[in-house]
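In: Quick one, structure for this:
(chains A, B, C and D)
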Protein chains: 2
Amino acid sequence: MNPGTVEKFLKLIGDSSRLKILSSIGAGEKTVSEIIGETGLPQTLVSFHLKILRDREVVVASRKGGPFVHYRLRDPSILNLLHACDAYAGKFDGSGEEAREFEWPPWKMMCRMMRRGDQ
Amino acid sequence: MNPGTVEKFLKLIGDSSRLKILSSIGAGEKTVSEIIGETGLPQTLVSFHLKILRDREVVVASRKGGPFVHYRLRDPSILNLLHACDAYAGKFDGSGEEAREFEWPPWKMMCRMMRRGDQ
DNA sequence: TCCTTATATGAGCCATAACTAATATTAACG
DNA sequence: CGTTAATATTAGTTATGGCTCATATAAGGA
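Out: Predicted coordinates:
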């Protein structure tokens, strides 16, 4: 486990404006205006964050006619990570008891599970 | 997905000094001196971070004779999350291609898997 | 070419939090 | 009680990065 690598990654996504943007884009595709409308964040702030997310390959941009730029998540499953963190942290910050029921699975087990399409 | 909740959680663990501390403690238990020795971080910095981690219930402290305080992770499986992030981000920052093979499993699937002790 | 809409970018400001230095507290022993 | 080792705490400093303002750029239509 490389603390620097993990820190870099968690800081990349661990900002509420960015989380709003990622969540807004979701599994589909959205223009900047749509993201702005949905998040309520200022235009320049959205563009600012999108640039970083784009440079770091979390999102992918494409132009499709007009001045519109569409953004999609390069790996939509990252939303699952965010949801898991939300669920974990939500309980985690609370009683600190219910979170005991959940354990983060080992990486290899996550790999196997998604490869098998476990039902 | 509450951006504020997730942000708070990711910022809590998304610091390289803290990651080093969590990794040092591991699945066992360690004194502050041991953590200092293993991480190479200054004593006051370790104590500073441990206080926050303690207050936020990521670690649990106990005294066992002498001036020694032992720390353990309240939920050691969080190390699995860190390892997964490491693996994901490591590939992620690289070619951006190999990470495609891995998808973060949905929360419910993670719950089921750990409940079944899937092999 | 000019205008409009959509979006991007850069510089500077400001908020946050990690870190350090100094010191306080805890536990145990002589 | 004084001393030592281990650890915690506090105030101030510093580094980081989010955010804002002003403006630049891209695309398309008249």
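
In: Dihedrals phi and psi, residue A:28?
Out: Main-chain dihedrals, residue A:28, degrees, to the nearest 10: phi -100, psi -130.

In: Quick check: beta-bridge partners of the nearest residue to it once chain neighbours are set aside?
Out: The shortest distance from residue A:28 to any non-neighbouring residue, by CB to CB, 6 or more residues apart in numbering or on different chains, is to residue A:72 (6.9 Å). Using the backbone N, CA and C atoms, a C-beta is placed for each residue, glycine as well. Beta-bridge partners for residue A:72, by DSSP bridges, are residue A:29, residue A:60.

In: Compute the inter-axis angle for the longest helix anywhere in chain A and helix B:78-92.
Out: Taking DSSP state H as the criterion, chain A has its longest helix at helix A:78-93. Inter-element angle recorded for helix A:78-93 and helix B:78-92: 160 degrees (by axes from the mean of the first three to the mean of the last three CA atoms, to 10 degrees).

In: Pull the distance from helix A:78-93 to the chain's centre.
Out: Mean C-alpha position of helix A:78-93 versus that of the full chain (CA atoms, centre = their mean, to the nearest Å) differs by 11 Å.

In: which residues of chain A score low on pLDDT?
Out: Chain A contains residues with pLDDT under 70 at A:91-100, A:116-119.

In: Can you spell out the domain ranges of it, please?
Out: A:3-73, A:78-116 (automatic domain parsing).

In: Can you convert those domains into a markdown table and add a column each for mean neighbour count and distance to residue B:31?
Out: Formatted as a markdown table, those follow (neighbours: other CB atoms under 10 Å in any protein chain shown; distance: least, CB to CB, whole Å):
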| stretch | mean neighbour count | distance to residue B:31 |
| --- | --- | --- |
| domain A:3-73 | 17 | 20 |
| domain A:78-116 | 17 | 23 |
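
In: right, is whichever helix or strand comes after the longest helix of chain A up against chain B?
Out: Next along the chain after helix A:78-93, taking DSSP states H and E as the criterion, comes helix A:107-116. Yes: counting by CB under 8 Å from any CB of the partner chain, chain B is contacted by helix A:107-116 at A:107, A:109, A:110, A:111, A:113, A:114.
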